[in-house]
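Trainee: give me coordinates for this.
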Amino acid sequence: MTIIHGFELLRVKDVPELNTKAFFYRHVKTGAELLSLKNEDENKVFGITFRTPPPDSTGVPHILEHSVLCGSRKYPVKEPFVELLKGSLQTFLNAMTYPDKTCYPVASQNLADFYNLTDVYLDAVFHPRLTPFILQQEGWHYELDKDTDPLIVKGVVFNEMKGAYSSPDTLINEYSLRSLFPDNPYRLDSGGDPRHIPDLTFERFVNFHSKYYHPSNAKIFFYGDDDTERSLAIVDGYISEYDRLDTDSWIKLQKPFKGPKRIIRSYASSREGDGARKGMITLNWLLPETCRTELNLAMNLLVHILLGMPGSPLRKALIESGLGEDLVGAGLESDLRQMFFSIGLKGIDINNADAIRDLIMNTLKSLYKNGIDPKAINAALNTV
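Mentor: Take a look at the predicted model:
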């Protein structure tokens, strides 16, 4: 067994189509998994990801993503993220919250800059300055302009999500996701529902970090022409101080429904001049696991055929029906444990909802019965 800076090498595999050799490691002490993709690409990439299933809709994963980039043990400045954007040679620098994970990727073509970015991010995620003030700033706090005014809630994430929840397109995508996963954390909003964000306490905030921002719950990767031994040494320098932790962060599979479900939700809108009530509709299908790679590829091809081109049959049927103003829905979602497909129309007369449902189903049935044009399949293959 090969041990390099606390990591045992478990597998090596050539990936010829990417001109890459993949090395898969596991940290002996903590169980952290690390994938090193070695090639001649000078644009070096580092990323660390934690599974962060939300316990509720207070947005704690999203608020924590903002908060860990507000200074750390080694870099106790107010906004190291902003300082890096100003002075680093980075080619990519960001952080993203998903419904089930939080990702911290960075990239640079300069080796010294790359390792500095890596060090800043590792210190940020493992040793952030989590104070009540940081939660108030990034999450939520009360403000009072005059002593006669009511208290109002503000905060970076609160304001961001308040804006998101004012968008009908965002709402229908959120409702579509929740409707398909009533039995696992995808039914909750990891970004934060403005109605529930003020329920987040500092204690729950800190406990969430302690539970999920742990090496045993981390997936780490390096890509490019970096120095593997140095990369492993930097990571080991941060995670070797931890012991292995059994973290329950796995997303359980959603069981299929016994039959179709119809869900109606409301959102703020104005009536048209003729008094008609405008709405939106999506049809949503729960699909198998994302990790089934051949099926995943087939689904991506199929969705491109159905929607991805101006003459795509499902796109054409919906647009030319005159029943709505434009397409709505996430299309194929393949970033979660299970894929799902969502499509519909916005700007509809809500009395036409059944007609739109029938149009979508009849179009799909016709394609199933009569087949798909081989030219469309070839075009999708060439594009994807």
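
Trainee: pLDDT at Tyr186, what is it?
Mentor: You'll see Tyr186 listed with a pLDDT of 96.

Trainee: separation between it and Phe341?
Mentor: Tyr186 sits at a distance of 15 Å from Phe341 (criterion: CB to CB, to the nearest Å). Heads up, the C-betas are built off the backbone N, CA and C, glycines and all.

Trainee: now swap in Val384 and tell me
Mentor: Counting by CB to CB - Val384 and Phe341 are separated by 16 Å.

Trainee: now the worst-scoring helix or strand of the chain on mean pLDDT: buried residues?
Mentor: In the chain, no helix or strand scores lower on mean pLDDT, DSSP states H and E than helix 80-87, which sits at a mean of 79. Applying a neighbour-count criterion of 16 or more other CB atoms under 10 Å, one finds Pro80, Phe81, Leu84 buried in helix 80-87.

Trainee: mind giving me the packing neighbours of that helix?
Mentor: strand 90-93, helix 111-126 (3 or more CB pairs under 8 Å, 6 or more residues apart in numbering; DSSP states H and E).

Trainee: pick the most buried one from these.
Mentor: helix 111-126 (a mean of 20; mean count of other CB atoms under 10 Å).

Trainee: what angle do that one and helix 80-87 make?
Mentor: Helix 111-126 runs at 170 degrees relative to helix 80-87, counting by axes from the mean of the first three to the mean of the last three CA atoms, to 10 degrees.

Trainee: pull the distance from helix 111-126 to the chain's centre.
Mentor: Mean-position distance between helix 111-126 and its chain equals 22 Å (CA atoms, centre = their mean, to the nearest Å).

Trainee: same check on stretch 168-180?
Mentor: For stretch 168-180, the distance to the chain centre is 14 Å (CA atoms, centre = their mean).

Trainee: could I get the helices and strands packed on helix 80-87 as JSON lines with distance to Leu323 and mean pLDDT?
Mentor: Formatted as JSON lines, these follow (distance: least, CB to CB, whole Å; pLDDT from 0 to 100):
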{"stretch": "strand 90-93", "distance to Leu323": "41", "mean pLDDT": "93"}
{"stretch": "helix 111-126", "distance to Leu323": "47", "mean pLDDT": "96"}
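
Trainee: distance to Lys38 added to the ones you listed, as TSV?
Mentor: What follows is these, written out as TSV (distance: least, CB to CB, whole Å):
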stretch	distance to Lys38
strand 90-93	19
helix 111-126	14
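
Trainee: looking at those, which is nearest to Thr49?
Mentor: helix 111-126 (9.8 Å; CB to CB).

Trainee: CA-only coordinates of the helix or strand following the closest one in CSV, if you can.
Mentor: Reading on from helix 111-126 to the C-terminus, the next helix or strand found by DSSP states H and E is helix 132-138. The C-alpha trace of helix 132-138 is given here as CSV (Å, rounded to 0.1, in the frame of the first residue of the first chain):
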residue,chain,number,x,y,z
PRO,A,132,-22.8,36.0,15.9
PHE,A,133,-21.9,39.1,13.9
ILE,A,134,-21.0,37.0,10.8
LEU,A,135,-24.4,35.2,11.0
GLN,A,136,-26.2,38.6,11.4
GLN,A,137,-24.3,40.0,8.4
GLU,A,138,-24.5,37.1,6.0
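
Trainee: just how off-centre is whichever helix or strand comes after helix 132-138 within its chain?
Mentor: Downstream of helix 132-138, the first helix or strand assigned by DSSP H and E is strand 141-143. Computed by CA atoms, centre = their mean, the separation of strand 141-143 from the middle of its chain amounts to 28 Å.

Trainee: what residues does strand 141-143 touch?
Mentor: For strand 141-143, contacts defined as CB atoms under 8 Å, 6 or more residues apart in numbering pick out Leu151, Ile152, Val153, Lys154, Gly155.

Trainee: cool, stretch 248-259 as well?
Mentor: 50-53, 100, 180-186, 212, 217, 286, 289, 336-338.

Trainee: stretch 3-19 too?
Mentor: Contacts for stretch 3-19 (CB under 8 Å, 6+ apart): 1-2, 20-29, 34, 37, 39-40, 228-229, 232-233, 235-236, 239-240.

Trainee: again, but for stretch 277-284
Mentor: 168, 172, 176, 179-180, 269, 271-272, 324, 328-329, 340-350, 353, 356-357, 360-361.

Trainee: can you tell me which of those are in helices?
Mentor: Among these, the members found in helices (DSSP state H) are Pro168, Ile172, Ser176, Ser179, Leu180, Ala353, Ile356, Arg357, Ile360, Met361.

Trainee: can you give me the end-to-end span of stretch 144-163?
Mentor: 21 Å (CA to CA, to the nearest Å).

Trainee: any low-confidence regions in this protein?
Mentor: 1, 269-276 (pLDDT under 70).

Trainee: center of it, which residue is that?
Mentor: Tyr98 (2.6 Å; CA atoms, centre = their mean).

Trainee: so that one versus His196, what's the distance?
Mentor: From Tyr98 to His196 the distance is 19 Å (CB to CB).

Trainee: for Leu307, same thing?
Mentor: Counting by CB to CB - Leu307 and His196 are separated by 33 Å.

Trainee: so which of the two has more stuff around it?
Mentor: Leu307 (19 against 15; other CB atoms under 10 Å).

Trainee: can you tell me the SS state at the spatially closest residue to the more buried one that is not a sequence neighbour?
Mentor: Ranked by CB to CB, 6 or more residues apart in numbering and with sequence neighbours excluded, the top spatial neighbour of Leu307 is Arg315, at 4.8 Å. Under DSSP: H, G, I helix; E, B strand; the rest coil, Arg315 falls in the helix class.
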